[in-house]
Structure formats: structure tokens, C-alpha cells
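Engineer: Mind folding the following:
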Amino acid sequence: MADVTQLIFFTLVILTCYVYSDDPHPIIDVCRQKSPCLCQYSNGDFVDLTSLSNDNDTEPRFKDIPSEIFGGAKYSWNPCHLFSEGECANVTMCEVIAGAPIPKYVPIGNMMNAKFDHNEVNGDLQLQYGITGEENRTAYLILFCDKTQEGQFIVKGEEPAGSGKYYFELHSKHTCRFTTSPTISNPDSGLSAGSVIGIIIACLVGVYLLGGMAYQKINGATGKEIIPNYPFWSAVGSSIKVNSCKCKLDDGTVIDLSPLGLTSGNPKYKDVPDAGAGDVFSYNPCYSFTENACNDVSVCQIRNGAGFSAGTQDSARFQYDEQNGLALVYSATSDVLRTTYTYLQCEPDQEGALNVLGEIVADAVKLGLRMVIIEDFYLKYLYLASKYACPTKDTSGSSGGGGLSGGSILLIIVVVLLFVYLIGGLAFQTAVKKAEGTDRIPNLGFWVTLPGLIKEGFSFTFNTAKLKAGYSSI
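Structural biologist: Below is the predicted model of the structure:
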């Protein structure tokens, strides 16, 4: 438990560093991007360039502005809307290189790659554009607050020549901090919809982990078994559950035990004795049965005439591990937590045989026997060999009961949350914020900057991990 707590704490520390340490010199007051044309400070102030932009696709607000470099190129820029000029089609920034008989037009900025950040040297707010392709180009536009200027676009040009890095300045009253934004009728200083969804998901995961660990501990689980649904998580990616007795493997083949199961309410294998402890076990692969005090179970253990549920059909899940192979896992919590690992062995000439090897202390799991039932601190080993445990081509589709697997349920939850986020976000952006075009995409600024944030986060973590202690020169 302590190791898990330390791991969670370490992960939170790394994530905190990742979010708040985009560079080695953190900036205290950061203007977080809300859209390709707007950013917001922590106190709710805005910088919004929308009023500077031409909202048509033919003329940029700043057209053919010459570079300060003698003989340099000219540059066109439209802050918030795409434009076309010459060979520059649907761009935000274009380089115009003089030549005969016609000039050359080079795209150097795309609105979808717009990113608000801060200059590494002095912390000045800047707007960054990028173009990727045969030649990568990046434009850096430093924003200066000048309340006397509507908008002055100063071109420094490409420095050094051929580097693909372009530098500009914008002096304007629209780059100053304002408490309201002309494009947002009701500025929101609270959490965004995406943040709320993220917090909800994080809380649900936290409740699941902490509550699940506490529940497992109360029921006597130890070691890795204290992790809630450990067999399921350890088996993710190995096989896909179709129902309670059929799974599809990675290569598309299936294992289907349904021909072994009885639908009469009786177990296929009844009162099979163990190797010496005096217990007997009954098992029915795909359908529930009732025997003794075991009601609607898949596995029943009988000791001294008393029956105990060792697994139910609705808990069935498939698991694979390198040591023992594929298992059909059941669990039950009638009095104490019991988990049955039904390890399957392919025997093409065998209809089906169940062997019970008896109760052994927990350390005996290292022996690698085929089927395991965990009860308190002891293990019971059973072995099932059958031709129905052999992979076959799937020709009949899924059949039998069992419902959705845990992976299917998780996938459905993720898809539903994503759908609600997209549809709800689009509706909110359109109806409340009156956004148009790509601005209707919820949290557009975040998704645009996400690849860069991931890259910077990995770079920060990797570079921090490489730091080594040493001596300073005197």
C-alpha cells in the first residue's frame, strides 16, 4: 500500500512539474491560450487580437510590409482569419519574395498552429506560428502594449537568413490587458467545461482506486490482489471478452467453452474431489447452477458438507499471463473474497476433464499449476483440459450470456464522455459565446497547443532526469 501511495505521489509531482514548468525559467503570470487569437491571464484579464483582423479571405490586415533588413522580403499577416495571396492559400502569415517576372509567395504561418507563449529571455508575451512540410518555418511575433497605436506591424525578417525563423513585433492597444474581451460576452473566470470533465474523471478514478483498495483489504486481500480488479487490468490487451465463456484473441481466433456448459441448472463437473484436503468442487463453464448453499454460481466449493460460492458467471473475465497461459477468472464475496483462476489447456482429443489438486499455501503459486482458487491466504488448484480450450476460427459470432466485458464498458464510458464533451462544447460555444468556424471547437486553444505541451513536458522530465551532481570550478 505504501509503494502504491508513493507511486501516486511521485506521479502527481511529475505532472505538476509538467504543467507548470514549460521552460527552465517559469513565468509567474502566464497568459493561457483560449483560441488562436485570444489568451487569458490567471486573474481573468484578456489579450484579444480579434479587432485587428480582417474577416474576409482576400485581404490581410497587414499586407506586404517590408522587412527592416535591406533588400529583404515583404510580409503579410492577418491575426485571426485566414487569407490568400498569390501562392499562399488559406494562411495567417505569408512571405513575399521579390523576383522576375512574378514574386514568390511562401506560407510561414497557419492559424491552426498559433500558440501564445512567453519569450524565454524577458518573459514578453508573444504569438507563435508554424508551418511544417518539406521546410519547417516558425514565426515569432512579440506583442507590445501601446495604447496610442491601433496596430503597428514591424517586420524584422528571417534571422539568420535561411534558418526558417522569422521575427516580428506588434505594437497595439489590442495587445494590452483588458478585463473584458470584445469576442466574449460573458468572460468566464472559472473552470472550463473540459477542466470540469477532467476533474470529474480524476475524482472517479481516485474513488475507484482508494475505495477499491480499502474494500480488497477488508476482504483479506494481500500483495497485488489489493489492487481493485487486478486480474482485469493485468490482462488488458491480451484477449477481448465476448461473453462469460468466449473470448477473441489478438489473431482473431476465438476460444468458446459454451459446448461444455449445461443449461439445466446443474454443473457440468459435479463434486470433483481435490488431491487430499477433503474438499470437493463443482463447476459449470458458461451457465449458472445451484448446489448445496451455492446459488446461481459458476464454481462451488464444498467443505465438510457446507457449500461456498467460489465464483459467479457475471464476474467472469479472461486473463492471460506468461507463466500459466489463458485463464477464465471468477470471483465471489459471499462471506470472504474468493477468486477462481480457471487456466485452460488445449487438448484437441479431449472433450473436457477437470482435475482438482487441492489447497496449498499462497507461496505455492510459483509452482505454475494450471487453475487457481484464492481463498483467504490459501490457494486451490484445478486444471481444465478440453478441445474447446483450443483457438478456432470465429464462424458463429458471439453467443451465450455474460453481458459486456469490463473493457467494453470502459470504452463505452469514454465514447459517451467524448460525445457529451464535443456536442455540449459545440452547443455552448455556438449558443452562448456566439463563436463561428473553428472557434466553435471546445477548448480549441488547448487542443492546438497540446502536441507542443506534450513535447515540452517530456523534454522537461527527460532533461531533469539526466541532471547529475558535480563540483563547481573555483
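
Engineer: just checking, residue 253 touches residue 392?
Structural biologist: Yes: taking C-beta atoms under 8 Å as the definition, residue 253 is a contact partner of residue 392 at 6.1 Å. From N, CA and C alone the C-beta is placed, and that goes for glycine too.

Engineer: Number of residues surrounding residue 115?
Structural biologist: If you count neighbours by other C-beta atoms under 10 Å, residue 115 ends up with 19.

Engineer: Skipping adjacent residues, who's closest to it in space?
Structural biologist: Leaving aside its chain neighbours, residue 115 sits nearest to residue 128 (4.6 Å; criterion: C-beta to C-beta, 6 or more residues apart in numbering).

Engineer: Now do the contacts for that neighbour.
Structural biologist: Each residue near residue 128 by C-beta atoms under 8 Å, 6 or more residues apart in numbering is listed here: 114, 115, 116, 117, 138, 139, 140, 141.

Engineer: Next: residue 389.
Structural biologist: 255, 257, 326, 344, 345, 346, 347.

Engineer: Give me the buried entries from those.
Structural biologist: 255, 257, 326, 344, 345, 347 (16 or more other C-beta atoms under 10 Å).

Engineer: ok now do the second one, which residues does it touch?
Structural biologist: Contacts of residue 257 were listed using C-beta under 8 Å, 6+ apart, and they are 245, 246, 285, 286, 328, 344, 386, 388, 389.

Engineer: State the distance from it to residue 313.
Structural biologist: According to C-beta to C-beta, to the nearest Å, residue 257 stands 12 Å off from residue 313.

Engineer: shared neighbours of those two, anything?
Structural biologist: residue 286.

Engineer: Spatially central residue for the protein, please.
Structural biologist: With distances taken as C-alpha atoms, centre = their mean, residue 414 lies nearest the centre of the chain, 9.5 Å away.

Engineer: quick one: what helix or strand has it in it?
Structural biologist: helix 406-431 (DSSP states H and E).

Engineer: got any ranges where the stretch 101-250 of the chain has weak pLDDT?
Structural biologist: 134, 180-197, 230-242 (pLDDT under 70).

Engineer: where do the strands sit along it?
Structural biologist: Taking DSSP state E, counting those that start in this stretch, the strands of the stretch 101-250 of the chain run over residues 104-109, 115-118, 125-131, 137-145, 152-158, 165-172, 239-243, 246-249.

Engineer: how about the ones you listed, which one is nearest residue 80?
Structural biologist: Minimum separation from residue 80 across the strands of the stretch 101-250 of the chain (C-beta to C-beta) falls at strand 125-131, 10.6 Å.

Engineer: now the strands: where do they sit in the stretch 251-400 of the chain?
Structural biologist: 254-256, 269-273, 280-283, 289-291, 294-297, 299-303, 306-311, 317-321, 325-332, 338-346, 353-361, 372-375, 378-386.

Engineer: Identify whichever of these lies nearest to residue 455.
Structural biologist: Nearest of these (C-beta to C-beta): strand 317-321, 34.4 Å.

Engineer: In its sheet, which strands sit next to the closest one, and in what direction?
Structural biologist: For strand 317-321, the paired strands and their directions (DSSP bridges) read strand 325-332 (antiparallel).

Engineer: Give the buried residues for the partner strand.
Structural biologist: By neighbour count on 16+ other C-beta under 10 Å, the buried set for strand 325-332 is 326, 327, 328, 329, 330, 331, 332.

Engineer: Stretch 164-178 too?
Structural biologist: Buried residues in stretch 164-178, counted by 16+ other C-beta under 10 Å: 166, 167, 168, 169, 170, 171, 172, 174, 175, 177.

Engineer: One more: stretch 439-452?
Structural biologist: By neighbour count with 16+ other C-beta under 10 Å, stretch 439-452 contains the buried residues 439, 440, 441, 442, 443, 444, 445, 446, 448, 449.

Engineer: Next: stretch 140-153.
Structural biologist: In stretch 140-153, counting by 16+ other C-beta under 10 Å, buried: 140, 141, 142, 143, 144, 146, 151, 153.

Engineer: swap in stretch 87-107?
Structural biologist: Residues of stretch 87-107 classed as buried: 88, 91, 92, 93, 94, 95, 96, 103, 105, 106, 107 (neighbour count, 16+ other C-beta under 10 Å).

Engineer: between those residues, which is nearest residue 226?
Structural biologist: Using C-beta to C-beta, the buried residues of stretch 87-107 come closest to residue 226 at residue 92, 53.5 Å.

Engineer: My read is that that closest one contacts residue 131, right?
Structural biologist: No: the criterion here is C-beta under 8 Å, and residue 92 misses it with residue 131 at 9.6 Å.

Engineer: who touches both of these two?
Structural biologist: Joint contacts of residue 92 and residue 131 (C-beta under 8 Å, 6+ apart) are 109, 110.

Engineer: Can you tell me the closest non-neighbouring residue to residue 216?
Structural biologist: Residue 216 sits nearest to residue 226 (C-beta to C-beta, 6+ apart), 4.7 Å away.

Engineer: Could you report the neighbour count for the one you found?
Structural biologist: 18.

Engineer: now swap in residue 395 and tell me
Structural biologist: Neighbours of residue 395 (other C-beta under 10 Å): 6.

Engineer: Return the distance of it relative to residue 33.
Structural biologist: Taking C-beta to C-beta, one finds residue 395 at 53 Å from residue 33.

Engineer: do the same with residue 98
Structural biologist: Per C-beta to C-beta, residue 98 is found 35 Å from residue 33.

Engineer: Give me the below-cutoff pLDDT ranges for the stretch 251-400 of the chain.
Structural biologist: In the predicted model, the stretch 251-400 of the chain carries pLDDT under 70 at residues 335, 358-383, 396-400.

Engineer: re earlier: closest one to residue 271 out of the buried residues of stretch 87-107, please.
Structural biologist: Top of the list for closeness to residue 271, among those and by C-beta to C-beta, is residue 92 at 76.9 Å.

Engineer: I'd like to know how far the closest one sits from residue 114.
Structural biologist: Distance from residue 92 to residue 114, by C-beta to C-beta: 7 Å.
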